[in-house]
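Student: predicted model, plus sequence, below.
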Amino acid sequence: LGSVMAAARVRGFQGGDHGLGLGATDAMLATAKHFAAYGGAEGGRDYNSVELTERTLWEIYLPPYEAAVKAGAATVMSSFNDIGGTPAHASEWLLDDVLRGRWGFKGLVVSDWGGIEELISHRVAATKGDAGILALRAGVDIDMSDAVYADSMAAAVRTGRIPIALVDSSVRRMLRLKYALGLFDDPYRFSDVARERRYTLAPEHLAAARIAAREGIVLLKNANKTLPLRKNLRTIAVIGPLADNAAAALGGWAGDGRPEEAISVLAGIRAAMGQSTRIIQVRGAPVDTADSSGFASARNGAAEAEAVVLVLGEREDMSGEASSRASIELPGSQRDLALAVIRAARQSPGGENKPVVAVL
C-alpha cells in the first residue's frame, strides 16, 4: 500500500504517467522522504536511533522508496535518524550503493532541515566542515538551511579533502533538473500572478478538500443515532476551548495557510444552521491548564440547549515534528470539562435523549 501511494504522489506532483511531466507549469519536483526507516525511531522520538534487521529494512521500509524512484521521483530527502549507528546523512551505503547503484536513481538527494550539521550531534563529525565532507561523499546534493556546504566546501576542495569531480557530479545533477523544469528558458515560469489568483482557494480545490475531509473523518461512536443532528434545532451549545479556533482547524504544517481562511467548528455550525438556530458558545476551559473556572457556564449552556457539540483536543502547535506530546490524553482539564457537560446535559429536562457530540 505504501508503495502504491508513493508512486501515485510522484505522478500527482510531477505530472505524466511516469512522473516525468516536468515541463508543465503546474508540475513540481516530488521528494520521497525521509530516507530511510525514519518511522522506526526508538521510543517514537524524532531524530532518534533506529535498530532493525536488514530483512525488516528491505521488506518493510525500503519498498515504498523504490516505488517512488521507479515512478520518477526527482528528489529524495535523507532522514535525521541513524540506522544501526550510521546516520542517513553520512551513509554511502544507503545513498550511493542502494539508492543510486541498485535502484538507478538519477536525481537529487536533499538534506533534512539542518541534517548535515546534526552529524556533529551524531558524533561522527567534529566540525561543520567534517560534516559537510561526510554528507557530500555519501551523496547529499542539497544542504538545506545550515549553510555547511556554502561555508566549508570551497576550503575542502582547495585542501584536497574533497575532489572537485565529486562537486561537479552533484552540480551536474542539479543543472539537469533545472533544465528539465525549463528554468534556463524562463526562470520565472512558475511565478504567474494570474494563475496564482485563479488557483489559490479555487472552488474546485475547496470542493475536493471537502470531499477528502468528509471521507477521512472517523466516526468512533454513534449511540442512539445521535448523528446527524436535526436541522430544526432551536438551540445548540458549542462548548470547548477549540470551538472557535481557526488556527487549530487549519492544523500544523499549514505552509502559507491563513487561519482567517479556515473555518472553525463554531463558524461551520453557524453557517449550516442559519439564523433560526441560537448558538450558545462557551469556552469552558483552557486547552492545556487545569483551570476549571468556566465549567459552570459550560454546564448551564449544556442544560439550556437542545443539543451539545463539544470541541476538544490540541492546538495546532501541540503535535508535529519535535513538538508532539508524550500523552494522547486530552490536555489540561478538557476531559473533566467533557464529563461535567455530559452530566449537565443528561440531568436537564428531557436530557436523557439530548444529543451530545464530541469533536476531537
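Tutor: Nice, I can see it.
Student: from here on, contacts and neighbour counts on C-alpha atoms
Tutor: Will do.
Student: give me the low-pLDDT residue ranges for this protein?
Tutor: 16-20 (pLDDT under 70).
Student: could you point out the longest helix in it?
Tutor: Assignment by DSSP state H gives helix 164-180 as the longest helix of the chain.
Student: with just CA atoms, put that one into CSV.
Tutor: Extracted C-alpha coordinates of helix 164-180, given in CSV (Å, rounded to 0.1, in the frame of the first residue of the first chain):
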residue,chain,number,x,y,z
ILE,A,164,36.3,18.7,-7.5
ALA,A,165,34.9,15.8,-9.5
LEU,A,166,32.6,14.9,-6.6
VAL,A,167,31.3,18.5,-6.5
ASP,A,168,30.9,18.6,-10.3
SER,A,169,28.8,15.4,-10.2
SER,A,170,26.4,17.0,-7.6
VAL,A,171,26.2,20.3,-9.6
ARG,A,172,25.5,18.4,-12.8
ARG,A,173,22.5,16.6,-11.2
MET,A,174,21.2,20.0,-10.1
LEU,A,175,21.6,21.6,-13.5
ARG,A,176,19.9,18.7,-15.2
LEU,A,177,16.8,19.1,-13.1
LYS,A,178,16.7,22.9,-13.6
TYR,A,179,16.9,22.3,-17.3
ALA,A,180,14.1,19.7,-17.1
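Student: next structured bit after that helix?
Tutor: helix 193-199 (DSSP states H and E).
Student: contacts made by that next one with the rest, please.
Tutor: Outside of helix 193-199, the residues within contact range by C-alpha atoms under 8 Å, 6 or more residues apart in numbering are residue 205.
Student: same check on stretch 333-343?
Tutor: 240, 284-292, 295, 298-299, 302, 310, 312-313, 356.
Student: just the CA coordinates for it, please, in CSV.
Tutor: Extracted C-alpha coordinates of stretch 333-343, given in CSV (Å, rounded to 0.1, in the frame of the first residue of the first chain):
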residue,chain,number,x,y,z
SER,A,333,-8.9,19.9,32.2
GLN,A,334,-10.7,19.1,29.0
ARG,A,335,-11.7,15.6,29.9
ASP,A,336,-13.2,16.9,33.2
LEU,A,337,-15.0,19.6,31.2
ALA,A,338,-16.5,16.9,28.9
LEU,A,339,-17.7,14.8,31.8
ALA,A,340,-19.2,17.8,33.5
VAL,A,341,-21.0,18.9,30.3
ILE,A,342,-22.4,15.4,29.7
ARG,A,343,-23.7,15.1,33.2
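Student: buried stuff in it?
Tutor: By neighbour count on 16 or more other C-alpha atoms under 10 Å, the buried set for stretch 333-343 is 333, 334, 337, 338, 340, 341, 342.
Student: list phi and psi for the third one.
Tutor: Spelled out, it's residue 337. phi -60, psi -50 (degrees, to the nearest 10).
Student: could you tell me how far it is located from residue 300?
Tutor: 12 Å (C-alpha to C-alpha, to the nearest Å).
Student: residue 309: what secondary structure?
Tutor: Here residue 309 is recorded as strand under DSSP: H, G, I helix; E, B strand; the rest coil.
Student: chain neighbours aside, what residue packs nearest to the residue nearest the centre of the chain?
Tutor: Central residue of the chain (C-alpha atoms, centre = their mean): residue 253, 5.3 Å from the mean position. Closest residue in space to residue 253, ignoring its immediate chain neighbours: residue 320 at 7.7 Å, by C-alpha to C-alpha, 6 or more residues apart in numbering.
Student: go on, residue 33?
Tutor: residue 77 (4.8 Å).
Student: within its sheet, name the partner strands of the host helix or strand of the one you found and how each one runs.
Tutor: For residue 77, the element it lies in under DSSP H and E is strand 75-78. Partner strands and pairing direction for strand 75-78 (DSSP bridges) are strand 31-35 (parallel), strand 108-110 (parallel).
Student: got the contact list for that strand?
Tutor: 29-36, 88-89, 107-112, 140.
Student: same thing but at 6 Å, please
Tutor: 31, 32, 33, 34, 35, 88, 89, 107, 108, 109, 110, 111 (C-alpha atoms under 6 Å, 6 or more residues apart in numbering).
Student: for those residues, which single residue is the most surrounded?
Tutor: For the contacts of strand 75-78, counting by other C-alpha atoms under 10 Å, the largest number of neighbours falls to residue 89: 33 neighbours.
Student: gap between it and residue 14?
Tutor: In terms of C-alpha to C-alpha, residue 89 sits 25 Å off from residue 14.
Student: what do you get for residue 319?
Tutor: Counting by C-alpha to C-alpha - residue 319 and residue 14 are separated by 29 Å.
Student: check residue 232 too.
Tutor: On the measure of C-alpha to C-alpha, residue 232 and residue 14 end up 47 Å apart.
Student: higher neighbour count, these two?
Tutor: Set residue 232 next to residue 14 and count neighbours by other C-alpha under 10 Å: residue 14 wins out with 24 against 9.
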